[in-house]
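In: Got a sequence here, can you build the structure:
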Amino acid sequence: MAQVNAPELFKVTAAGTVAEVWTFFPDPWPKKKHHKRRIVQEAMAGDIHRALVTDGVWRIATDIEDYALHVHEVMDGLDGWKNLGSITVSLPLEHVGKGNADLAADMPHADFTESERFEGRVLTNFEKKGLAAGRVIHDFTYQAVTLN
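Out: Got it, this is the predicted structure:
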């Protein structure tokens with residue numbers, strides 16, 4: 001275990017030494033101007049990919065629909081990652097920002113693939129709050145694959 005900011009941890013972790021990375025209910029940074037602070041970013045994905053063993057996985061969970069779209073936008077197009085999900089979900093194609101989740105219903109949607117809930121994930125307080133508020137939990141499992 002280490003008590004450091006995640007981006008710094010994966011910059012110094014030896015390559016191919018981590019089996020799994022869990023990022024459950026990260027700060028959604030809902031304002032557009034703050035999206036650059038979200039932990040799921042292309043640079044972070046690169047650092048995690050380097051640290052993971054071959055076929056290692058990055059598990060992500062969020063109760064924020066806008067963040068789920070962000071995860072898909074960042075991860076689904078990256079080389080070296082395979083989405084292991086098997087559930088089809090429909091998400092709005094635009095970010096609605098803080099306090100505007102109700103606007104998403106009228107926006108164009110597309111289908112994305114997500115994962116079943118990871119059995120090893122304990123029910124966090126953030127997940128409990130999201131469920132109590134009626135939000136859907138979005139689970140992701142991305143596997144690190146060999147880059148060509």
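
In: Run through the helices of the protein in chain order.
Out: Taking DSSP state H as the criterion, the chain contains helices spanning 6-12, 42-51, 65-75, 125-132.

In: What lies in contact with the first one?
Out: Outside of helix 6-12, the residues within contact range by Cβ atoms under 8 Å, 6 or more residues apart in numbering are 2, 21, 23, 39, 43-44, 47-48, 50-51. C-betas here are computed from N, CA, C, even on glycine.

In: Now with 6 Å, please.
Out: Residues outside helix 6-12 that contact it (Cβ atoms under 6 Å, 6 or more residues apart in numbering) are 2, 44, 47-48, 51.

In: Tell me which stretches of the chain form strands.
Out: Defined through DSSP state E, the strands belonging to the chain, from first to last, are 18-24, 52-62, 81-83, 87-92, 109-114, 138-144.

In: Now residue 111. Nearest residue, chain neighbours left out?
Out: Once its chain neighbours are removed from consideration, residue 111 has its nearest residue in residue 88; the separation is 5.1 Å (Cβ to Cβ, 6 or more residues apart in numbering).

In: Run through the bridge partners of that neighbour.
Out: residue 113 (DSSP bridges).

In: what's the spacing between it and residue 40?
Out: Taking Cβ to Cβ, to the nearest Å as the criterion, residue 88 is separated from residue 40 by 21 Å.

In: Which one's more surrounded, these two?
Out: Taking neighbours as other Cβ atoms under 10 Å, residue 88 and residue 40 compare with residue 40 leading, 21 against 9.

In: what number of residues lie near residue 121?
Out: Taking other Cβ under 10 Å as the criterion, the count of residues near residue 121 is 15.

In: Brilliant, that's me finished.
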